[in-house]
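Colleague: this one's sequence-less:
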């Protein structure tokens, strides 16, 4: 005689009921785990998005370089120019001359000098001189040719 | 000098030049420029050669803005203590300029100058030793007033940046003061006798 042959119909019902509850419990765990998985996937996506934005921002900053605050004194008149490190001094000179309306002389006639009076190369980039965050430079008109 | 322009106009432009100078006075002082007096129409500035120790006063000028800027400023060399105008024979100061030689390294240029292979021109000119010297530079009144420069009118330069206070002072400094880096001594010894060592004198 089989073991099941000794059980009554009520016993089978109770066991079935028990298993049904067990299955519901397992389903509940599965749903909960799926919710966790979904939340984690959502967070993963958010982090990836954030990483992409940071990368883009970094690339943008790298392309533009750091800004240097240059006080350009044009014939005694100061003007402040925010310059990128990749910009050439000749571009800064042009901006300073335009802002101070000193346009009567060609830009090449204005020498770029530091505080000590040393002449700087206009073809060099701002970053090459390692000015730091700010610097004062002077635009000095070359002496005219006297006869 | 005659004031033809409305004096208030010249005075306003004079004040603007002085204000621009005062704005950066600390920087200019580091170069050895000392503005001692600024009362329309004159500005009195002395120059010290800061690369030398002790730093000597090597030049003093009065920049006169009378009739500015229909006329450029006048520049006269003066005694730094009495402010009296100096004659050419009394000016012990030079403003030397070399011809442009692009691409030549400074060392080679200096060697050329030392060997006399490069003709330097003096920017301080005078008609006679007993005349007042002037800076031969566009933007300076005495240059434009000189009969040799009638073809180079100030009005061709006015508004270009030449003739401003800072422009003039910078050229004096650049060509005359900044190159000064060593004292030049000339010692002539004359033997006047001999001295005995006192402890060596016997009884």
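Modeller: Yep, that arrived. As the structure is a computational prediction, the values presented were derived from the model and not from experiment.
Colleague: so how many other residues sit close to the residue nearest to residue B:11 when sequence neighbours are not counted?
Modeller: Distances taken as Cβ to Cβ, 6 or more residues apart in numbering or on different chains put residue B:40 closest to residue B:11, at 5.0 Å, once the chain neighbours are dropped. Every residue, glycine included, has its C-beta placed from N, CA and C. As a burial measure, residue B:40 scores 17 neighbours (other Cβ atoms under 10 Å in any protein chain shown).
Colleague: Check the one 10 residues further on too.
Modeller: Other residues within reach of residue B:50 by the criterion other Cβ under 10 Å amount to 17.
Colleague: Who's the closest spatial neighbour of it, skipping the chain neighbours?
Modeller: residue B:32 (4.2 Å).
Colleague: who's in contact with the one you found?
Modeller: Residues near residue B:32 by Cβ atoms under 8 Å, 6 or more residues apart in numbering or on different chains: B:47-50, B:55, B:173, B:177.
Colleague: make it 10 Å
Modeller: B:46-52, B:55-59, B:173, B:177-178, B:180 (Cβ atoms under 10 Å, 6 or more residues apart in numbering or on different chains).
Colleague: cool, and residue A:14?
Modeller: Shown in contact with residue A:14 (Cβ under 10 Å, 6+ apart): A:7-8.
Colleague: which element is it on?
Modeller: Using DSSP states H and E, residue A:14 sits in helix A:9-64.
Colleague: just to revisit the earlier point, what separation is there between the residue nearest to residue B:50 and residue B:47?
Modeller: Residue B:32 is 6 Å from residue B:47, where distance means Cβ to Cβ, to the nearest Å.
Colleague: Report the set of residues contacting both of these two.
Modeller: Common contacts of residue B:32 and residue B:47 (Cβ under 10 Å, 6+ apart): B:56-59, B:173, B:177-178, B:180.
Colleague: From the residues you listed, list the ones also adjacent to chain A.
Modeller: Under the cut-off given by Cβ under 10 Å from any Cβ of the partner chain, chain A has B:173, B:177-178 from the shared contacts of residue B:32 and residue B:47 close to it.
Colleague: who wins for most neighbours among those?
Modeller: Greatest neighbour count in those, by other Cβ under 10 Å, goes to residue B:177: 23 neighbours.
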